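Undergrad: Okay, predicted coordinates and the sequence, questions at the end:
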Amino acid sequence: PSFVEDEEGGIVLMSNNLSSSSSSSFGYANIEKQRQRLPVYKYRTEILYLVENHATTIIVGETGSGKTTQIPQYLKEAGWAEGGRVIACTQPRRLAVQSVSKRVADEMGVNLGDEVGYTIRFEDHTTSGVTSVKFLTDGVLIREMMEDPLLTKYSVIMVDEAHERSISTDILLGLLKKIQRRRPELRLIISSATIEAKAMFNFFNTSKKRQAPEGSTQGPKLEPAILSVEGRGFSVKIHYVEEPVSDYIRSVVSTILLINEREPPGDVLVFLTGQDDIETAIKLLAEEAHSHQKNSSGLLPLPLYSGLSRAEQELIFTPTPRGKRKVILSTNIAETSLTLEGVVYVIDSGFSKQKFYNPISDIESLVVAPISKASARQRSGRAGRVRPGKCYRLYTEDYFLKQMPGEGIPEMQRSNLVSTVIQLKALGIDNILGFDWPSPPSPQAMIRALEVLYSLQILDDDAKLTSPTGFQVAELPLDPMISKMILASSELGCSDEIITIAAVLSIQSVWVIARGVQKEQDEAKLRFAAAEGDHITFLNVYKGFLESKKSSQWCYKNFLNYQSMKKVVEIRDQLKRIARRLGITLKSCEGDIDAVRKAVTAGFFANACRLEPHSNGVFKTIRGSEEVYIHPSSVLFRVNPKWVVYQSIVSTERQYMRNVVTINPSWLTEAAPHFYQNRQNNMSL
Ligand code: ADP
Ligand code: MG
């Protein structure tokens, strides 16, 4: 693509209070010196003062200023972890939790898992009584409230990346506000990369409504404090494409080659939408470089997305070898959650994967959608870490100015609320519509969720969790539909198989993303394919993997992702333990595939679809009569059986069902009589 510079000749991000020469020696300074150079260091005393004196402190600062890695350490140094208390720092993303906790452990010179630890779903690296600085996802902290509703072991909870407004962050903020009322000694820090401080201030400002308890003058102020940490980004010159691009992956690749040809050394950070995009771009880059003899010498492409192995994660952070240029192809995670030193060039595709939910059709889908201006600015800012940089936006300036939305919509307002409702119910919050949300979800979405939960027999007539099903589902750290499927499998005598399926459904995909070898991959899939659909196919894949003695070679031959398969084994072990805790003993149905499909139906009946007669693969959802298709990655693609249930929907130009299994429609009424009774007419074969 050809680029134009923006009119103003680039945007200046923040004042630059470091000379550029000092940044070149950054890597050699000892850790203490490095820590002192971070922008937050100048605010250390002020931060500690504010936390001491205010119930809530809101801290805004440019990415890389040291919020996440430094503030928990300051708190520890100031004594907030004394007496067995713990300092928590939450992140929306699992990978960020792992990466940041490792960095903090290194800086403190301790082993990760001792004084500094982390917990994410299916992975706990903390030691009770020893870990005093704990990083965790906001989802995990919400789960901890089920055991300890007031989170009594924590002295300070830092809710980081609050600007992202992930659904778990929003739930957590609402719950913490409640907890604060009961535990005035608890301190909250809300930190974020962008200035949305006003809304957070209003949300946490209870000083007007609530008087400090009589006679207690020493308690913290109820009015939140706001602190803005001055960043130290360098200026970033923005380039826009002259004409809209039709294939952003191809444009990314040619822009990488262009930078390599024309620009002085410096790493490149590319924002794409997901693992599929990223792997496609890496393959294409290799092909282009090869076939056109383009100058790709010294390019070191590295993927960055959740689900990377630890070794792959470490590569991202190791210094770029001399004469090389790292090209990090990343999802949104590098937008604000992780800081990558050495990046000088940013390529912004203008897209990210986003969840959308339509309460009318009751379809939640993952869509590649345009980002907001706020995101675009964050992305370009990543180019100005070490010296003035450049950002190549693969969209026109006109589009940026006139069409790009200003801010993203909080995830809470574009999600299916089934999990949210269960979590709140499990925490004893009955009036969910009246809950104090940072941004309330739509009542329709709430009603839809209640309806599904009632049909799943998770909620009773009074909208209370049922016993034991409701409580068991709440205890499982899984999508409620998967949990329900596991519980049903216990009665159907196929828990062994269903737990394998649940593990596979919990990861992105077991298949590698192959481009140009579609035929070979399809053939490989056929070796495992079951006529009943993907879920049964996964059982064959898992069996094959075990028989191969978990061989990476075997995975390679069969176009299976070895890392994903290892994850499946790991998650399966965890699920086995959780199931045992719930009193489910693993039992195999010994090939009774109907039992397995019935269990899947018991969980996913709300996602049932029927093939339109005489149509070319058009399905209609039973619930909303929405038009959907089987995803090309499914073994049922082109097979088009009459009745199916799916796990999830991805939308491109059409709505595609992922992970599809054939069912017998009579199972739907068995599994959820209430849900399907009034749709009987619809159900005739
Ligand atoms: P913020 O949370 O304000 O975005 P961080 O605390 O994450 O900032 O990062 C502060 C600094 O710590 C970064 O500038 C970077 O130099 C360093 N850093 C953070 N994580 C790592 C890591 N995994 N490896 C090396 N350096 C890191
Ligand atoms: Mg951070």
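TA: Now that the structure is in, tell me what you want to look at. All values derive from a computational prediction rather than experimental measurement. Ligands and ions are numbered 1, 2, ... in the order given.
Undergrad: Distance of Leu141 relative to ligand 1?
TA: 18 Å (C-beta to the nearest ligand atom, to the nearest Å). Every residue, glycine included, has its C-beta placed from N, CA and C.
Undergrad: Am I right that Thr601 is in a strand?
TA: No. Assigned with DSSP: H, G, I helix; E, B strand; the rest coil, Thr601 falls outside any strand and is helix.
Undergrad: For the residue nearest to it when sequence neighbours are not counted, what are phi and psi?
TA: Residue nearest to Thr601 in three dimensions, not counting chain neighbours: Trp667, with 4.6 Å by C-beta to C-beta, 6 or more residues apart in numbering. Dihedral pair for Trp667: phi -70, psi -30, per degrees, to the nearest 10.
Undergrad: Spit out the contact partners of Trp667.
TA: Contact analysis of Trp667 by C-beta atoms under 8 Å, 6 or more residues apart in numbering lists 597-598, 601, 605.
Undergrad: between those, which is closest to ligand 1?
TA: For the contacts of Trp667, the closest approach to ligand 1 (C-beta to the nearest ligand atom) belongs to Phe605, at 43.0 Å.
Undergrad: That closest one: what's it in contact with?
TA: 455, 645, 667-668, 671-672, 675-676.
Undergrad: And Leu424, how close does it get to ligand 1?
TA: From Leu424 over to ligand 1 (counting by C-beta to the nearest ligand atom), the distance is 29 Å.
Undergrad: Enumerate every residue touching the closest residue to that residue other than its chain neighbours.
TA: Spatial nearest neighbour of Leu424, chain neighbours left out: Ile432 (5.5 Å); criterion: C-beta to C-beta, 6+ apart. Neighbour list for Ile432: 421, 424-425, 446 [criterion: C-beta under 8 Å, 6+ apart].
Undergrad: Kindly report the same for Phe3.
TA: The neighbours of Phe3, taking C-beta under 8 Å, 6+ apart as the test, are 239-242, 392.
Undergrad: Mind checking which of these are buried?
TA: Taking 16 or more other C-beta atoms under 10 Å as the criterion, what is buried in those is 239-241, 392.
Undergrad: Any chance of a markdown table for the residues you listed, columns pLDDT?
TA: Shown next, in a markdown table, are the buried ones among the contacts of Phe3 (pLDDT from 0 to 100):
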| residue | pLDDT |
| --- | --- |
| His239 | 97 |
| Tyr240 | 97 |
| Val241 | 95 |
| Tyr392 | 98 |
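Undergrad: would you turn those residues into JSON lines with secondary structure and distance to ligand 1?
TA: Formatted as JSON lines, those follow (DSSP: H, G, I helix; E, B strand; the rest coil; distance: C-beta to the nearest ligand atom, whole Å):
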{"residue": "His239", "secondary structure": "strand", "distance to ligand 1": "25"}
{"residue": "Tyr240", "secondary structure": "strand", "distance to ligand 1": "26"}
{"residue": "Val241", "secondary structure": "strand", "distance to ligand 1": "29"}
{"residue": "Tyr392", "secondary structure": "strand", "distance to ligand 1": "23"}
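Undergrad: re the thing from before, quick one: which two of the contacts of Phe3 are the most distant?
TA: Glu242 and Tyr392 (12.1 Å; C-beta to C-beta).
Undergrad: By neighbours, which of the contacts of Phe605 wins?
TA: In terms of neighbours by other C-beta atoms under 10 Å, the contacts of Phe605 top out with Val645 at 28 neighbours.
Undergrad: which one of the contacts of Ile432 sits closest to ligand 1?
TA: For the contacts of Ile432, the nearest to ligand 1 is Leu424 (29.0 Å; C-beta to the nearest ligand atom).
Undergrad: element containing the closest one, please.
TA: Per DSSP states H and E: Leu424 is located in helix 418-426.
Undergrad: Lowest-scoring secondary structure element of the protein by mean pLDDT?
TA: helix 20-24 (a mean of 35; mean pLDDT, DSSP states H and E).
Undergrad: any low-confidence regions in the stretch 101-250 of the chain?
TA: 195, 208-218, 232 (pLDDT under 70).
Undergrad: what does this structure have sitting close to ligand 1?
TA: Within the chain, the positions adjacent to ligand 1 are 38, 61, 63-70, 99-100, 103, 317, 339, 341 by C-beta under 6 Å from any ligand atom.
Undergrad: Now the buried members of those residues.
TA: Members of the residues of the chain next to ligand 1 classed as buried by 16+ other C-beta under 10 Å are 38, 61, 63-70, 99-100, 103, 339.
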